[in-house]
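1. what would the 3D arrangement of this be:
(one chain, ligands or ions: 1)
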Amino acid sequence: MRVAGMAAAVIIGMSASVSRAAEASPAAKPPMGWNSWNHFAAKIDDATVRAQADAMASNGMRDAGYRYINIDDTWEGERDARGVIHPNARFPDMKALADYVHSRGLKLGIYSSPGPKTCAGYAGSQGHEVEDAQTYAAWGIDYLKYDLCSLGDAMRAVGSMEKAQDIELAAYERMHAALQATGRPIVYSLCQYGFSQVWRWGGSVGGNLWRTTGDIEDKFPRMVQIGFGQAGLSKYAKPGQWNDPDMLEVGNGGMTPTEYRTHMSLWALLAAPLLAGNDLSAMSPDTLAILTNRDVIAIDQDPAGHQGDRVKAEGPLETWARPLSGGGVAVGLFNLSDLPAYLDVNFADLGIAGAAEARDVWAAKDLGPLIRYRTLVPAHGVSLLRLTAAGR
Ligand code: GAL
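-> Numbers count the residues shown, from 1 in each chain. Here you go, the predicted model:
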């Protein structure tokens with residue numbers, strides 16, 4: 001009995017410290033914000049970043065939970081004789097920019113590479129990890145996306161998978177240690193396109209999130225390939241450590257509103273980071289409504305932090321479900337075909353005993369207590385439901 005009691009105490013102690021660690025993490029929930037790359041790519045500057053912060057702070061996004069304003073590649077300038085990196089002329093004063101973003105109740109993110117060069121050919125952090133982390137902290141940076149890029153050349157050159165992996169892990173760990181040493185909470189976002197099952201080791205090098213795929217594009221087939229390719233990864237996500245199927249394309253113009261709702265729904269079921277990738281200073285009411293739908297965001301940010309997964313695929317008709325805190329379940333009935341199609345789901349197949357209160361999230365409509373649901377889903381569309389066991 002005493003031994004069992006002690007074991008239980010140890011287990012309770014351990015789980016308490018695990019949840020304390022997750023709470024203390026700057027990414028206890030999937031990060032929400034904006035990133036410059038998908039819309040602006042290399043055409044990003046100080047004024048544009050300020051305009052995004054102004055928009056996020058005033059259009060309802062900040063109130064809906066969006067926080068990070070992330071500058072991607074092409075901000076970098078030269079290193080000085082002491083090895084300190086400076087921004088290029090398009091970012092005259094990074095500290096002043098961070099102060100501005102912070103004054104709007106938001107946080108600022110930045111981008112670098114563990115290699116000598118970033119993917120766009122700018123200065124990377126190799127050999128300067130400590131200086132760069134110190135510089136970011138001094139500027140007031142809150143988030144770093146660390147993109148493999150040219151380190152891949154060094155990895156290919158060693159000629160063995162094992163040695164390449166050693167180089168990669170050491171490089172990611174080096175920046176992690178440098179960030180930790182600053183004492184500033186900085187979200188650490190790994191980007192190496194999902195090679196070598198990063199979901200198995202991303203957390204061990206301090207990653208709060210890791211890209212699981214190559215780059216998204218603002219096209220339905222590419223979004224589908226990336227998003228629905230996440231099947232099987234749910235067990236690798238938890239509070240503080242998330243799978244990242246890349247940033248959102250909602251509002252960039254290459255998909256229909258129906259397709260963007262499919263994109264947003266799937267990302268919420270996947271507990272994916274919600275990093276808007278459009279121009280926040282010039283978006284349609286439709287786009288804003290998709291990005292700020294409170295019920296969808298509540299699914300993405302569910303405090304239990306369980307990632308959803310595929311339950312069933314029947315050709316182009318797929319059912320995905322995500323367990324929620326309090327015994328609820330979020331369900332997506334996806335129709336990836338080019339014609340409308342009926343989809344149905346028995347709630348018992350999702351582990352729900354008896355009836356559940358069902359809410360159609362995008363229609364913002366309570367459907368009442370049900371044990372199953374059947375509905376016509378438009379081509380490329382989704383029916384997203386939130387189920388709560390009846391009587392709770
Ligand atoms: C890619 C990365 C993109 C973007 C780009 C910038 O490797 O996947 O998300 O950061 O580099 O050069």
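
2. let me see the contact set for the closest residue to the ligand within the stretch 251-392 of the chain.
-> Nearest residue of the stretch 251-392 of the chain to the ligand (C-beta to the nearest ligand atom) works out as Gly277 at 9.3 Å. C-beta coordinates here come from the backbone N, C-alpha and C atoms, glycine included. Residues near Gly277 by C-beta atoms under 8 Å, 6 or more residues apart in numbering: 34-35, 37-39, 216, 247-250, 252.

3. out of those residues, which is most surrounded?
-> Counting neighbours by other C-beta atoms under 10 Å, Trp34 leads the contacts of Gly277 with 30 neighbours.

4. identify the bridge partners of that residue.
-> Judged by DSSP bridges, the bridge partners of Trp34 are Ile69, Ala276.

5. state the distance from it to Gln134.
-> 26 Å (C-beta to C-beta, to the nearest Å).

6. for Trp75, what are its contacts?
-> Per C-beta under 8 Å, 6+ apart, neighbours of Trp75: 44, 87-88, 90-91, 94, 110-111, 122.

7. okay, and which of those map to helices?
-> Applying DSSP state H to these, the entries found in helices are Met94.

8. return the subset of the contacts of Trp75 lying in strands.
-> The strands, defined by DSSP state E, take in 87, 110-111 from these.

9. using JSON lines, lay out those residues together with distance to Ala57.
-> Below are these laid out as JSON lines (distance: C-beta to C-beta, whole Å):
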{"residue": "Pro87", "distance to Ala57": "23"}
{"residue": "Ile110", "distance to Ala57": "19"}
{"residue": "Tyr111", "distance to Ala57": "22"}
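
10. nearest to the ligand among those?
-> Tyr111 (6.2 Å).

11. share the number of residues neighbouring that closest one, please.
-> 25.

12. report the contact partners of it.
-> 70-73, 75, 118, 144-147.

13. strands along the stretch 51-200 of the chain, start to end?
-> 68-70, 76-79, 85-87, 107-112, 143-147, 187-191 (DSSP state E, counting those that start in this stretch).

14. quick one: stretch 162-177 to chain centroid distance?
-> Relative to the chain's own centre, stretch 162-177 is displaced by 22 Å; criterion: C-alpha atoms, centre = their mean, to the nearest Å.

15. mind listing what the nearest residue to Leu324 once chain neighbours are set aside touches?
-> Of all residues not flanking Leu324 in the chain, Asp302 sits nearest, at 4.8 Å (C-beta to C-beta, 6 or more residues apart in numbering). Asp302 sits next to 271, 322, 324-325, 330 when contact means C-beta under 8 Å, 6+ apart.

16. narrow these to just the buried residues.
-> When the contacts of Asp302 are checked for burial by 16 or more other C-beta atoms under 10 Å, the buried set is 271, 322, 324, 330.

17. which parts of stretch 217-225 are buried?
-> Within stretch 217-225, the residues that count as buried by 16+ other C-beta under 10 Å are 217-218, 220, 222-224.

18. quick one: buried residues of stretch 59-72?
-> 59, 61-62, 64-72.

19. wait, doesn't Ala164 sit right on Arg156?
-> Yes. With contact defined as C-beta atoms under 8 Å, Ala164 counts as touching Arg156 (7.1 Å).

20. the two: who's more crowded?
-> Ala164 (19 against 9).

21. what sits against the more buried one?
-> For Ala164, the contacting residues are 155-156, 158, by C-beta under 8 Å, 6+ apart.

22. quick check, nearest of these to the ligand?
-> Nearest to the ligand out of the contacts of Ala164 is Met155 (C-beta to the nearest ligand atom; 14.5 Å).

23. surely the closest one and Asp166 touch.
-> No. In this structure, Met155 is not within contact of Asp166 by C-beta under 8 Å, at 9.3 Å.

24. more neighbours: these two, which one.
-> Each of Met155 and Asp166 has its neighbours counted (other C-beta under 10 Å); Met155 has more, 23 against 13.
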